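Colleague: Here's a sequence, model it:
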Amino acid sequence: MRFLLVVIALFAGLSSGSAALGEKRVALVIGNSAYKNAPKLPNPKNDAKAIGAALARLGFDVTPAYDLGVDGMRAALAKFEDKAAGADWALVYYAGHGMELGGRNWLIPVDAKLARASDMEDEAVALDRVLARVRPARTLRIVLLDACRNNPFLSRVDMGRGGLTRAVDRGFARVEPEHGELVFYAARDGSVAADGEGANSPFATGLLAPTLRSRGWSWAASCAR
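Modeller: Coordinates of the predicted model:
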């Protein structure tokens, strides 16, 4: 929670005009809604579009990306690392399915099948990879994960023989970044968040509300780390 308060203070004290003073901010905003092998999610694409627009108002150079397969996600993250290398701030927002497997956190592309635990490396994107892509930024590195929804992939993954000591779990595992990154979940580690009944998830709604009426940005949603 103390990390969350620090970031709230940073955003609340900055206006979009501060970027004109020479500070460079970049953001990659991913919304995965159109899953091919699971029910489609109604909100992630809407959430990503709205968050991207809000970040642009705060002076970020925003790269939007929607309904990405595994190759598309990996390519988008690789290109973003180049942008982060020349930036003061780097932020990734991801909305879509995510899961924990064997103590590692994974973001799920729209073309994933995930019939076996061994497919995860080939068909999903590890949170570790996302953290590595924001790491080159000079001052602030943030990852926002609106991905703790109830996940239809949970019940179908075959753990195989003599495999992992931990099975697929609900939500994400807690992470302890080692290079100064800040990671925020839409729900506490090990739990799930609602997708929401309106046009946006509760997490995105909490992020967006302050930007609609002020120059600063703070988090009203409940999230971990």
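Colleague: Using the three-state scheme, assign I51.
Modeller: helix (DSSP: H, G, I helix; E, B strand; the rest coil).
Colleague: so it makes contact with L208?
Modeller: Yes. If you go by Cβ atoms under 8 Å, I51 and L208 touch, sitting 7.0 Å apart. All C-beta spots, glycine's among them, are computed from the backbone N, C-alpha and C.
Colleague: who's more crowded, these two?
Modeller: The neighbour comparison of I51 against L208 (other Cβ atoms under 10 Å) goes to I51, with 26 against 18.
Colleague: Now for that one: which residues touch it?
Modeller: When contacts are counted by Cβ atoms under 8 Å, 6 or more residues apart in numbering, I51 touches 29, 93, 95, 144, 204, 207-208.
Colleague: now with 10 Å?
Modeller: Contacts for I51 (Cβ atoms under 10 Å, 6 or more residues apart in numbering) come out as 27, 29, 31, 62, 64, 91, 93, 95, 144, 146, 200, 203-204, 207-208, 211.
Colleague: Ok, K45 next?
Modeller: Per Cβ under 10 Å, 6+ apart, neighbours of K45: 30-34, 64, 66-67, 95-96.
Colleague: does it sit in a helix, a strand or a coil?
Modeller: Following three-state DSSP, we place K45 in the helix state.
Colleague: circling back: can you name the two of the contacts of K45 that sit furthest apart?
Modeller: Greatest spatial distance among the contacts of K45 (Cβ to Cβ): A34 and P64, at 14.9 Å.
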